[in-house]
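>>> I would like the atomic coordinates for the input below:
(chains A, B, C and D)
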There are 2 protein chains.
Amino acid sequence: MRPARVRSKVTIRDVAREAGVSVATVSRVFNDSGPVNAETRERIRAIAGRLRYSPDSAARSLITRRTNTLGVLLPDLYGEFFSEVIRGIHQLTQRGGYHVLVSSSHADKGEVEAALRAMRGRVDGLVLMSPDIDAPALVANIPDALPVVLLNCAVDGDEYDSIMIDNVGGAFAMTQHLLALGHRRIAFIRGGERNHDAGERLRGYRAALEGAGVEQHAELEVAGDFTEAAGSRAAKTLLAGDRRPTAIFAGNDSMAFGAMSALRDAGVRVPDDVSVAGFDDIPIAAYMSPPLTTVRVAIAELGELAIRTLLRAIDEGNEHERRRQVLPTWLVGRQSTGPRR
Amino acid sequence: MRPARVRSKVTIRDVAREAGVSVATVSRVFNDSGPVNAETRERIRAIAGRLRYSPDSAARSLITRRTNTLGVLLPDLYGEFFSEVIRGIHQLTQRGGYHVLVSSSHADKGEVEAALRAMRGRVDGLVLMSPDIDAPALVANIPDALPVVLLNCAVDGDEYDSIMIDNVGGAFAMTQHLLALGHRRIAFIRGGERNHDAGERLRGYRAALEGAGVEQHAELEVAGDFTEAAGSRAAKTLLAGDRRPTAIFAGNDSMAFGAMSALRDAGVRVPDDVSVAGFDDIPIAAYMSPPLTTVRVAIAELGELAIRTLLRAIDEGNEHERRRQVLPTWLVGRQSTGPRR
DNA sequence: TTGTAGGCGTTATCAG
DNA sequence: CTGATAACGCCTACAA
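Modelled structure (predicted):
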């Protein structure tokens, strides 16, 4: 049995009438605005509770011009990453009394713009993550007044608040790690062609090789798209080539798993014959066989930091000073990499 | 440089004035309600576009009593699962012109209730997934008028719309698979104590053993919580015991991975010495070493079905007939299970 | 400390 | 086909 049917709609007037006060007074207790006699306050609270009154958010935001909602636009993220970011975002958001409006799966620019348009007026601030697309061009359509934080987008300058992962540093460190183990033929499995993270990681890889004076070969850089399947294909390509690498650095963990799987199928041992490394350090990485050497990214923190920045931007209004922030990465050594034989 | 600053607020009146018509007419073209002269309609559209006018959603929903938003309450999901459900949900939602308000991480009943309360009035419908908590008790607080779809909750009867995974069937099938391979000492790694899915899977496992007339031992059922770490611990416990299993059926894939990792560390071969099976078939399962035999669940479809049901409920209003739906599962045989030696 | 009344931007119901 | 105008539920000066 369900409990007593809720009335069609309990408004502030109902509460006021029942309590024998004006609506203004009820409003005051619900907003802590203006003084209210302690006793009346209690009475109103009680009656509101009994009547199951809760302020209508539409009416409220119509006049306050605030929605208490934050928008989050994400690309079509693959697996683990998505949930981690959301988790980070969510935690802080809730604490600040905000709601979260999410939107994802944006293949092209048009779709993102549509999503952006749809959110207009429904949110007090926006987190936009779009590693594949030119972010500034997108944000151009957003009302100036709406605070925006760019996540992992290709932006320079500090015209916008932006947060990015230290992809270059991480990839650089990993490549150095492999170099230090004696590897010279180090292959790299790239992420999507137009993906910002992917590009940066590739840059880090190249920079490290160049810094070490190691000759670079085009056939050691193979295409990928951040999926296990792509990693597997890439590894097969590398094995088939005549410049076989002694180490494979995958642009992310999923591709590293795919590569390890393909190597195993081909009878190649990891790390004895070939070392394999990844990027992201998703939870399963530690439980792979062998456990994967990778670059750690605090994904949930990325989301948290974004919200923290956004909340501050909302709070500070026009006085807010925009800036870029970079989230550090660090190498996690496990058993999938070893000295060149 | 950012483009021209957006005016403080463009309202329907601005458009009306500019077009030399009344607000009513403008409203009509934006809602396709009532007839409007084709030519005037065009003019209004053009002016609205130029002025970058877009109807204020708060004002609109104040009078229409609709928010065009769907609420989604999820538990604190681990990894893969979360993103897949959201992905499924999102797709349909967007197509229907709805927005998605998400909320998650609800440890206890109080938190869920708070989240539920917070969503009141902000959504036209609700998807509630809460495998850990008594759902009917929660839904009692929701206004009768608000359509709700329960996902994977412990409910019986058809008082609510509900969708559940065929956990029992899947676990039953997997256990039979192991039995057919000749295994008799089949261990089961359980999910959280109070988790609905976990309980159902355990039931399926037990039923299959009983059906086959295989004696059941308490020490073959070990505790877990759906994380890799728990799976690893459980496997160690099983290896240490004196009734060592020849097969391990983990309540989900993550725990299966953890178990495989522990077995490897202990020098136990999979599947030669011990078979291992999981549940969920998350993407990485196919790339494990060895590839994991598991039970496939169409997670994204779960989300899709939930939204489809919810939209119908909203559409049909009071005439809506509530019902239970069960999402099938099926066994995916890979290399982590083999005949008992 | 409390009440009155105007208005937030739309939609909906009437008359024209 | 079009235009006034009254709600929708709430907040917020301003007045008492």
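
>>> contacts, neighbours, all on C-alpha from now
OK.

>>> residue contacts, the residue nearest the centre of chain A?
The residue lying closest to the centre of chain A (Cα atoms, centre = their mean) is residue A:85, at 4.1 Å. By Cα atoms under 8 Å, 6 or more residues apart in numbering or on different chains, the residues touching residue A:85 are A:299, A:300, A:301, A:302, A:303, A:304.

>>> so which of these would you say is closest to DNA strand D?
Distance to DNA strand D, by Cα to the nearest atom of the strand, is smallest for residue A:304 among the contacts of residue A:85, at 28.3 Å.

>>> For that closest one, which residues are in contact?
A:85, A:88, A:89, A:90, A:91, A:92.

>>> let's go with 7 Å and repeat that
A:88, A:89, A:92 (Cα atoms under 7 Å, 6 or more residues apart in numbering or on different chains).

>>> My reading is that it lies in a strand. Confirm?
No: assigned with DSSP: H, G, I helix; E, B strand; the rest coil, residue A:304 falls outside any strand and is helix.

>>> residue in the stretch 101-250 of chain A nearest to chain B?
Closest residue of the stretch 101-250 of chain A to chain B, Cα to the nearest Cα: residue A:101 (4.6 Å).

>>> a markdown table please, covering the contacts of residue A:304 and showing secondary structure.
Formatted as a markdown table, the contacts of residue A:304 follow (three-state DSSP):
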| residue | secondary structure |
| --- | --- |
| A:88 | helix |
| A:89 | helix |
| A:92 | helix |
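
>>> re earlier: chain center to the host helix or strand of the residue of the stretch 101-250 of chain A closest to chain B, what's the gap?
Using DSSP states H and E, residue A:101 maps to strand A:99-103. Relative to its chain's centre, strand A:99-103 lies at 13 Å (Cα atoms, centre = their mean, to the nearest Å).

>>> got the angle for that strand vs strand B:99-103?
Counting by axes from the mean of the first three to the mean of the last three Cα atoms, to 10 degrees, strand A:99-103 lies at 130 degrees to strand B:99-103.

>>> that older thread, which phi and psi values does the residue nearest to the centre of chain A adopt?
With angles defined as degrees, to the nearest 10, residue A:85 sits at phi -60, psi -50.

>>> Secondary structure class of residue A:18, three-state.
Quick answer, by three-state DSSP: residue A:18 is helix.

>>> before we move on, what SS does residue A:209 have?
Once three-state DSSP is applied, residue A:209 turns out helix.

>>> if I look at it, how far off is DNA strand C?
Noted for residue A:209: a distance of 57 Å to DNA strand C, by Cα to the nearest atom of the strand, to the nearest Å.

>>> now do residue A:110
Taking Cα to the nearest atom of the strand, one finds residue A:110 at 23 Å from DNA strand C.

>>> Are we agreed that residue A:296 is in a strand?
Yes: according to three-state DSSP, residue A:296 belongs to a strand.

>>> That one is in contact with residue A:327, isn't it?
No: here residue A:296 does not reach residue A:327: they are 10.7 Å apart, not a contact under Cα atoms under 7 Å.

>>> Could you pull up the residues touching whichever residue of the stretch 101-250 of chain A sits closest to DNA strand C?
Residue nearest to DNA strand C within the stretch 101-250 of chain A: residue A:121 (9.6 Å; Cα to the nearest atom of the strand). Residues near residue A:121 by Cα under 7 Å, 6+ apart: B:56, B:57.

>>> Check it and give its pLDDT.
The model reports residue A:121 with a pLDDT of 88.

>>> what kind of secondary structure is it in?
Assignment for residue A:121 (three-state DSSP): coil.

>>> Over to it: give its phi and psi.
phi 80, psi -10.

>>> Get me the contact residues on chain A for DNA strand D.
A:9-13, A:23-25, A:27-28, A:30-31, A:33, A:54-57, A:59-60, A:62-64 (Cα under 7 Å from any atom of the strand).

>>> Mind giving me the ChimeraX command for buried ones among those?
A single ChimeraX command selects the buried members of the residues of chain A next to DNA strand D (16 or more other Cα atoms under 10 Å in any protein chain shown):
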select /A:10,11,12,23,25,27,30,54,55,56,57,59,62
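
>>> Now go through the residues of chain A next to DNA strand D and say which are in helices.
Using DSSP state H, the members of the residues of chain A next to DNA strand D that fall within helices are A:12-13, A:23-25, A:27-28, A:30-31, A:57, A:59-60, A:62-64.
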